[in-house]
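Chemist: Make a model of this:
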Amino acid sequence: MRRLIAAALLSVAAAAPAFAQGQPPLRCGVDGTFAPHAFPNLQGGVQGFQIDLFREVARRMGREIVIDSASFSGLIPALNAGRYDFLCAPTTVTPERAQALLFTEGYLWTELQFGIRRGTPPIRSEEDLRGKTISVNKGTPYEQWVNNNRERLNLTLLAFDSQADAAQAVIQGRAYANLSGNTVVRYSASRTPQYVADYVLPGTRFHWGTPFRQDSGALRNQVEDVIVCMKRDGTVARLSERWFGSAPGPDQAERIEFPGYGVPDLPGFDPTPQNPTCG
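Modeler: This is a model prediction of the structure:
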């Protein structure tokens, strides 16, 4: 009997994936209140585009993945402290962030968009925001935009630990508008009749990529190779359609393979041609 058990254990070990043969689980963090990218499900844990995307990335790498949910404002400090290998949270690639972190190429575009309460006159330009209170999620480029334009437009910032609370502030009348990413604003509007997707700030299209510490170039390139393969076989586009409600066109980041590793023309970009083995 002992011999049979030992043989069975050896058989299981031989068939186990790479993470059971000495590789530790990948560790990543995500804002678990950022629907439809990551948000609670009824069975416990989180669901959403980011969760499906990076579980598939890890599966193709032959690795287990542990996804922690935390406030976005604390994710980059936790990454730099070594708690995570990378962030699963959709992270806007700005020149300032690219100076301090390594990023994959974008797998989505993000644009800055306002959500308003139904019945509020549409925002036609930035001048319509003058003297208004704007709600945002803490630690994001949306908070940065309000701070950068606070004096010019006499804005009042109302920052929250979650995007859900920032959107709720508009519905409750505590803020005139909520500034967030286009995918999140559209999703919130589709689920909440009193919340309306409104004005998109011109010239605010950025890559949404995956950040790593600067000493993690090899892992960054490995993850990006997998993402490129997932673009080639349509996986990223299918996940986008599932979670955001429409199929991305050929000019969308879900389908575009960018040259090199990282975001072209930003710090941390590696011009080495990509040549992933997609099986």
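Chemist: C-alpha only now, for contacts and for neighbours.
Modeler: Fine.
Chemist: which residue sits closest to Phe258, ignoring its sequence neighbours?
Modeler: Spatial nearest neighbour of Phe258, excluding adjacent residues (CA to CA, 6 or more residues apart in numbering): Glu105 at 6.7 Å.
Chemist: and the one you found, how far is that from Asp225?
Modeler: Remark: distance between Glu105 and Asp225 (CA to CA, to the nearest Å) = 10 Å.
Chemist: Between the two, which has more neighbouring residues?
Modeler: Glu105 (29 against 22; other CA atoms under 10 Å).
Chemist: on that earlier part again, my read is the residue nearest to Phe258 is in a strand, agree?
Modeler: No - according to DSSP: H, G, I helix; E, B strand; the rest coil, Glu105 belongs to no strand; its state is coil.
Chemist: Contact partners for it?
Modeler: By CA atoms under 8 Å, 6 or more residues apart in numbering, the contact set of Glu105 is His207, Trp208, Gly209, Thr210, Glu224, Phe258, Tyr261, Gly262, Val263.
Chemist: what ranges of this protein fall below the confidence cut-off?
Modeler: Across the chain, the ranges flagged by pLDDT under 70 are 1-21.
Chemist: which one's the longest helix in it?
Modeler: helix 217-232 (DSSP state H).
Chemist: what sits up against the next helix or strand after it?
Modeler: As assigned by DSSP states H and E, the chain's next helix or strand after helix 217-232 is helix 235-244. Helix 235-244 is contacted from outside by 36-37, 48-49, 52-53, 107, 183, 187, 227, 230-231, 246-248, 254-255, using CA under 8 Å, 6+ apart.
Chemist: Buried among the residues you listed? Need that as a selection in ChimeraX.
Modeler: What follows is the ChimeraX syntax selecting those of these that are buried according to 16 or more other CA atoms under 10 Å:
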select :36,37,48,49,53,107,183,187,227,230,231,248,254,255
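Chemist: Extract the C-alpha set from the longest helix of the chain and format it as PDB.
Modeler: Provided in PDB are the C-alpha atoms of helix 217-232 (Å, rounded to 0.1, in the frame of the first residue of the first chain):
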ATOM      1  CA  GLY A 217      13.200  43.800 -16.400                       C
ATOM      2  CA  ALA A 218      13.300  40.100 -17.300                       C
ATOM      3  CA  LEU A 219       9.900  39.400 -15.600                       C
ATOM      4  CA  ARG A 220       8.400  42.500 -17.300                       C
ATOM      5  CA  ASN A 221       9.600  41.200 -20.700                       C
ATOM      6  CA  GLN A 222       8.300  37.700 -20.000                       C
ATOM      7  CA  VAL A 223       4.800  39.000 -19.000                       C
ATOM      8  CA  GLU A 224       4.700  41.300 -22.000                       C
ATOM      9  CA  ASP A 225       5.500  38.400 -24.400                       C
ATOM     10  CA  VAL A 226       2.500  36.600 -23.000                       C
ATOM     11  CA  ILE A 227       0.200  39.700 -23.300                       C
ATOM     12  CA  VAL A 228       1.400  40.000 -27.000                       C
ATOM     13  CA  CYS A 229       0.500  36.400 -27.600                       C
ATOM     14  CA  MET A 230      -2.900  37.000 -26.000                       C
ATOM     15  CA  LYS A 231      -3.400  40.000 -28.400                       C
ATOM     16  CA  ARG A 232      -2.500  37.900 -31.400                       C
END
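Chemist: what residues does that helix touch?
Modeler: By CA under 8 Å, 6+ apart, helix 217-232 touches 57, 60-61, 102-105, 107, 212, 236-237, 254-257, 261, 274-278.
Chemist: can you tell me which residues contact the residue nearest the centre of the chain?
Modeler: With distances taken as CA atoms, centre = their mean, the residue of the chain nearest its centroid is Pro90 (1.1 Å). For Pro90, the contacting residues are Val30, His37, Gln50, Trp208, Gly209, Thr210, by CA under 8 Å, 6+ apart.
Chemist: From those residues, which land in strands?
Modeler: Mapping those onto strands (DSSP state E) picks out Val30, Trp208, Gly209.
Chemist: so the first one makes contact with Ser69?
Modeler: The one in question is Val30. Yes - at 5.0 Å, Val30 counts as touching Ser69 under the criterion of CA atoms under 8 Å.
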